[in-house]
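Trainee: Okay, structure incoming, though there's no sequence with it:
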């Protein structure tokens, strides 16, 4: 899949504040979209970024997940970082902005619109992962890795995937490139 030819990007970065919308050009926009609000914790150290990945595939994403019930962004971010990477304590350095994606929901034919709220964070105290069932089933791991390697590996993995629509990893790869270009090359 050449995902770059299948997407339209609307990108605005002002004073390091990101506003990104990714549209899958193959979607039927006359159909309704299921919306989900998501937080993501971007942890940068030197030229490395903290990423999560399934045990059986070298493809990476930024830790985070859905906001549940009446959780605040901070509560959801703390919970997700604790679950996925074992962070016992985090500090939000700054709000990076948001990424809205229009895609198909995983394993369904439902139009999906996750709204990702992106935070640059520092992990103050590290512990063990507390994975939920789905994350345990895919063997979710985490690692600090150079961002160039993340982008390279994701591009290779995406070329070998047989998929018709943009997904979480195509959109994460776009985000990794933006993080590299605008947030790591100061």
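Mentor: That came in fine, so what should we check first? Just so we're clear, the structure is a prediction, and the values are computed from it rather than from any experiment.
Trainee: Please identify the helix or strand for the most far-flung residue of the chain relative to its centre.
Mentor: Going by CA atoms, centre = their mean, the residue of the chain most distant from its centre is residue 30, 26.1 Å out. For residue 30, there is no helix or strand it lies in under DSSP states H and E.
Trainee: Now the phi/psi pair for the residue nearest the centre of the chain, please.
Mentor: For the chain, the residue nearest the mean C-alpha position is residue 62 (4.1 Å; CA atoms, centre = their mean). Residue 62 adopts backbone torsions of phi -90, psi 140, taken as degrees, to the nearest 10.
Trainee: quick one, what contacts it?
Mentor: 40, 41, 42, 49, 50, 51, 52, 118, 172, 175 (CB atoms under 8 Å, 6 or more residues apart in numbering). (Glycine included, C-beta is placed from N, CA and C.)
Trainee: if we can go back for a sec, tell me how far the residue farthest from the centre of the chain lies from residue 40.
Mentor: 29 Å (CB to CB, to the nearest Å).
Trainee: In helices only, show me the contacts of residue 62.
Mentor: 172, 175 (DSSP state H).
Trainee: quick one: which of the contacts of residue 62 is nearest to residue 147?
Mentor: Nearest to residue 147 among those is residue 49, at 4.9 Å by CB to CB.
Trainee: So that closest one versus residue 161, what's the distance?
Mentor: On the measure of CB to CB, residue 49 and residue 161 end up 22 Å apart.
Trainee: So for the two, which sits in the more crowded spot?
Mentor: residue 49 (24 against 13; other CB atoms under 10 Å).
Trainee: ok, back up a step: mind checking which of the contacts of residue 62 land in strands?
Mentor: 40, 41, 42, 49, 50, 51, 52, 118 (DSSP state E).
Trainee: can you list the weak-confidence ranges in this structure?
Mentor: Low-confidence segments of the chain, defined by pLDDT under 70: 1, 185-186.
Trainee: any chance you could map the strands in the protein?
Mentor: 7-14, 17-24, 33-42, 44-45, 48-53, 64-66, 87-104, 111-126, 141-146.
Trainee: Ok, which of those strands comes nearest residue 76?
Mentor: strand 33-42 (4.7 Å).
Trainee: who does the closest one pair up with?
Mentor: strand 64-66 (antiparallel), strand 111-126 (parallel) (DSSP bridges).
Trainee: Could you pull out the buried residues of the last one?
Mentor: Going back to what we said before, that points to strand 111-126. Residues 111, 112, 114, 116, 117, 118, 119, 120, 121, 123 are the ones in strand 111-126 that count as buried (16 or more other CB atoms under 10 Å).
Trainee: likewise stretch 126-145?
Mentor: 129, 131, 135, 140, 142, 145.
Trainee: Could you dump the residues you listed into a markdown table and include distance to residue 87?
Mentor: Formatted as a markdown table, these follow (distance: CB to CB, whole Å):
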| residue | distance to residue 87 |
| --- | --- |
| 129 | 9 |
| 131 | 13 |
| 135 | 14 |
| 140 | 14 |
| 142 | 10 |
| 145 | 17 |
